[in-house]
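J.: any chance you can model this:
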Amino acid sequence: MNRTSAPVDPSAPGLSASADAPASAAWEELVTAALLGTDRRTPPGCAPGPDAPGALLDAAAVETVRRRAGLRPARAAERPEPAPEDPRPALPAAAARRLAMLLADRPGAGAGRSRGTAPDLMELLPQWLATANTRGFAAPPQVLPALLDAARGRTDLRPAALTFAGPRAVWLARLNPDWRFALRATPGGGAALPDTGDTEKVRQLWQEGLFAERVALLAAIRARVPSAARELLAITWPTERAEDRLMFLDSLRTGLGPDDEPFLEQALADRSRNVRATAAELLSALPGSALAGRMAVRAGACVTVDQMRETPTIAVEAPRECDPGMERDGVVTKAPAGRGERSWWFGQLVEAAPLGTWPGRLGGRTPQEIVALPVADDWQGELHAAWCRAAVRQRDAEWARTLLGTPSASEAGGPGAVSLAERAKLLGTLGSAERAEWVAGFIAAHGLSEAFQLLGVCAVPWAAPLGRAVVDALNIARDAGSYPWSFSGVMGLAERCLDPGEAGRLDGLVAVPDEPEDASPGAGGYWAEAFQRLVTTLGLRAAMAEELGTL
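T.: The predicted structure follows:
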């Protein structure tokens, strides 16, 4: 509204009602009149009509002056404590500039449109942070707000981002509620833990501290002296809440050993089902434990070799009931929907039995010979799946290797695992070089359409055989004339995981190829763009590594 008003007279009759009213009530009345409009709500102390809008603005001006003039100066807030010092070496200047560039590339820009050949900088940030943390650099103070904002929006960034930010992340989080996740993610909410050798202070914090402080304390002691952490836990175990007992018990996974068995055996009688199940899982990961021995007897009674057949065959007789002893040892009685009770109980027994049980039980055969035996009555899938879970739990590379089979085997024709999810877990038990070699063989035999889940468990950067297999498979897909969007997930992984040294092998793929007659229209151009983005990203990753001093 463009108008020229006469000077405001606070004593004017039309404003007397507003001026005499309490400040808060007068302002609320003016706000209400402005929201509803002067045609529907006459401003206080004014007559309805065409002059009402001007009177409303005049009254608001007078009330604003009165509100401001009536404010009393507040007491100055206490100055916050200085941020803690970060003793780590400063980030090189070039790397600091690179970090600022990565953080400035906000996600969501241009969503739904082609990225062209520009790298996705935010997807490179996790790798940059991992490298900087490995080198032990401190974060520049000026980038901390942007770094915490990025971690706020992406939970996968938080561990590396908070490690890089160091103690100042907690200091900032106490000043800005938007960053309170840093307090939750920091053991004890950033509180200083006592020296683990100070027995008196450790016991005091354990008995009187907040839950987060106690979890952090237990984890710190467990990492240094596993037996001391277990003894500390035993002090208050009977009086802890069930959910707290579960969290504390989970900390025993670090440094798990035979000395933990007596405590875990007692936990098998816990009143909480979840605590009992966790104790049983931990005990079954100790092949020499009494629970593992009991499970070996139960599972062995269910599996035999039928020598009466022309070809030796594994016969399975699943348990007919889940007795109290089985339940105490962690067997869950109720089967999931759509699952038979007997097969459910059987799978749990085999999964918890030491894999070393089977050669002696099945005629002295090796794992390879055992897995190759036929299984009667359609029990093969259940038996092999349980062996897969046992190999992952017990970190048994020999059994995992056997159950994986050769990478060229068909999806349903492998000797053991029949799903990619199981194969991915089994691959996790192997060394990084063997893992990469197996996945490279799988890609060479089956292509990329089923390889995404397997690529996710391979070490970064990819070993040379794996990188070559991925590039070759992408080249084959390009030559087939299909659009690259079906392989966008693998292409994204390649941008983050392919060794930058492989960029030279991509030079011939950035040009637009001649398209066959049956190719999708324009597919060649899209492929050239995708490969150009891959080459550009690899060059950027090489520069990042050089700036951080890792080349």
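
J.: count of residues packed around the residue nearest to R88 when sequence neighbours are not counted?
T.: Spatial nearest neighbour of R88, excluding adjacent residues (C-beta to C-beta, 6 or more residues apart in numbering): A138 at 3.8 Å. Glycine gets a C-beta too; all of them are placed from N, C-alpha and C. Neighbour count of A138, defined by other C-beta atoms under 10 Å: 18.

J.: against A169, how distant is A138?
T.: Distance of A138 to A169, computed by C-beta to C-beta, to the nearest Å: 12 Å.

J.: what do you get for L291?
T.: 42 Å.

J.: got it, and Q368?
T.: 51 Å.

J.: so where's the stretch 351-500 of the chain shaky on pLDDT?
T.: Residue ranges of the stretch 351-500 of the chain with pLDDT under 70: 410-418.

J.: can you name the residues that contact G197?
T.: Applying C-beta atoms under 8 Å, 6 or more residues apart in numbering to G197 gives no contacts.

J.: which SS class is A335?
T.: Reduced to three states with DSSP: H, G, I helix; E, B strand; the rest coil, the structure at A335 is coil.

J.: got it, and L148?
T.: helix.

J.: which residue packs closest to it, ignoring adjacent ones?
T.: W179 (4.6 Å).

J.: over to that neighbour: give its phi and psi.
T.: Main-chain dihedrals, W179, degrees, to the nearest 10: phi -110, psi 20.

J.: contact partners for it?
T.: L148, R152, A169, L172, A173.

J.: and these, which of them are buried?
T.: Among the contacts of W179, those scoring as buried are L148, R152, A169, L172, A173 (criterion: 16 or more other C-beta atoms under 10 Å).

J.: against L30, how distant is the residue nearest the centre of the chain?
T.: The chain has D156 as the residue nearest its centroid, 5.0 Å off, counting by C-alpha atoms, centre = their mean. Counting by C-beta to C-beta, the separation of D156 from L30 is 49 Å.

J.: swap in A93?
T.: 55 Å.

J.: cool, P87 as well?
T.: Counting by C-beta to C-beta - P87 and L30 are separated by 57 Å.

J.: ok, those two, which is more surrounded?
T.: L30 (21 against 8).

J.: quick one: the helix or strand hosting that one to chain centroid distance?
T.: Counting by DSSP states H and E, the element that carries L30 is helix 23-36. Counting by C-alpha atoms, centre = their mean, to the nearest Å, helix 23-36 is centred 50 Å from the centre of its parent chain.

J.: packing partners of the helix or strand just after that helix?
T.: Note on helix 23-36: by DSSP H and E, the next helix or strand toward the C-terminus is helix 52-69. Counting contacts by 3 or more C-beta pairs under 8 Å, 6 or more residues apart in numbering; DSSP states H and E, helix 52-69 is packed against helix 16-20, helix 23-36.

J.: scan this structure for its longest helix.
T.: Taking DSSP state H as the criterion, the chain has its longest helix at helix 523-547.

J.: and what about the residue nearest to G136 when sequence neighbours are not counted, helix, strand or coil?
T.: In space, and not counting its chain neighbours, G136 is closest to R88: 5.5 Å by C-beta to C-beta, 6+ apart. Classification of R88 by three-state DSSP places it in coil.
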